[in-house]
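**Q** Build the 3D model from these lines:
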Amino acid sequence: DPYQNYKMLKAALQKLGATISPQVHKRVHYLISTDSAVQNLTQRVRQALKRNVDIVDVAWVKECSERKERVKVNDSAYLCNELVECLMVQKEREKKEKARKEEG
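**A** Numbering: from 1, shown residues only. This next block holds a predicted model:
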């Protein structure tokens, strides 16, 4: 899938008129993320969640490219924020459980 390749993804986004930023900051509207980055809770994914930036699956870019317009992400299957929140809660629970086992 060409949308899993950073250079091709960047080119597709720029063709759609997007500005690319290597960092998550207050002017970032979306963090385009692979499933792998979400599952691994990368630093950018965690930063985006902390800053209330929508974390959007790369499939969204593919659909936008095919339609030649920005597809709304609100309440769509492309939003990953809830999944990231769940994964972070799960990771925190595992960390606490491990600490308890090491203490006891």
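**Q** any idea of the mean pLDDT for the longest helix anywhere in the chain?
**A** Secondary structure of the chain read by DSSP state H shows that its longest helix is helix 81-103. The average pLDDT within helix 81-103 is 93.
**Q** Give the buried residues for that helix.
**A** Buried positions in helix 81-103, judged by neighbour count with 16 or more other C-beta atoms under 10 Å: 81, 84, 87. Just so you know, the C-beta spots here come from the backbone N, C-alpha and C atoms, and that holds for glycine as well.
**Q** Just send those back as a markdown table, with distance to P22 too.
**A** Converted to a markdown table, those look like this (distance: C-beta to C-beta, whole Å):
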| residue | distance to P22 |
| --- | --- |
| N81 | 21 |
| V84 | 20 |
| L87 | 23 |
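**Q** Going along the chain, name the strands of the chain.
**A** Ranges of strands in the chain, per DSSP state E, are 30-33, 54-57.
**Q** The first one pairs with which strands, parallel or anti?
**A** Spelled out, it's strand 30-33. Sheet pairing of strand 30-33 (DSSP bridges) gives strand 54-57 (parallel).
**Q** For the partner strand, give me every contacting residue.
**A** Residues outside strand 54-57 that contact it (C-beta atoms under 8 Å, 6 or more residues apart in numbering) are 29-35, 38, 45, 48-49, 73, 77-81, 84.
**Q** change it to 6 Å
**A** The contact list for strand 54-57 (C-beta atoms under 6 Å, 6 or more residues apart in numbering) reads 30-33, 48, 73, 78, 80-81, 84.
**Q** same deal with stretch 66-73?
**A** Applying C-beta under 6 Å, 6+ apart, the contact partners of stretch 66-73 are 54, 56, 63-64, 79.
**Q** re the thing from before, looking at the strands of the chain, which is nearest to D1?
**A** Smallest distance to D1 across the strands of the chain (C-beta to C-beta): 11.7 Å, for strand 54-57.
**Q** ok, the contacts of strand 54-57 vs K15, which is closest?
**A** Distance to K15, by C-beta to C-beta, is smallest for I32 among the contacts of strand 54-57, at 13.9 Å.
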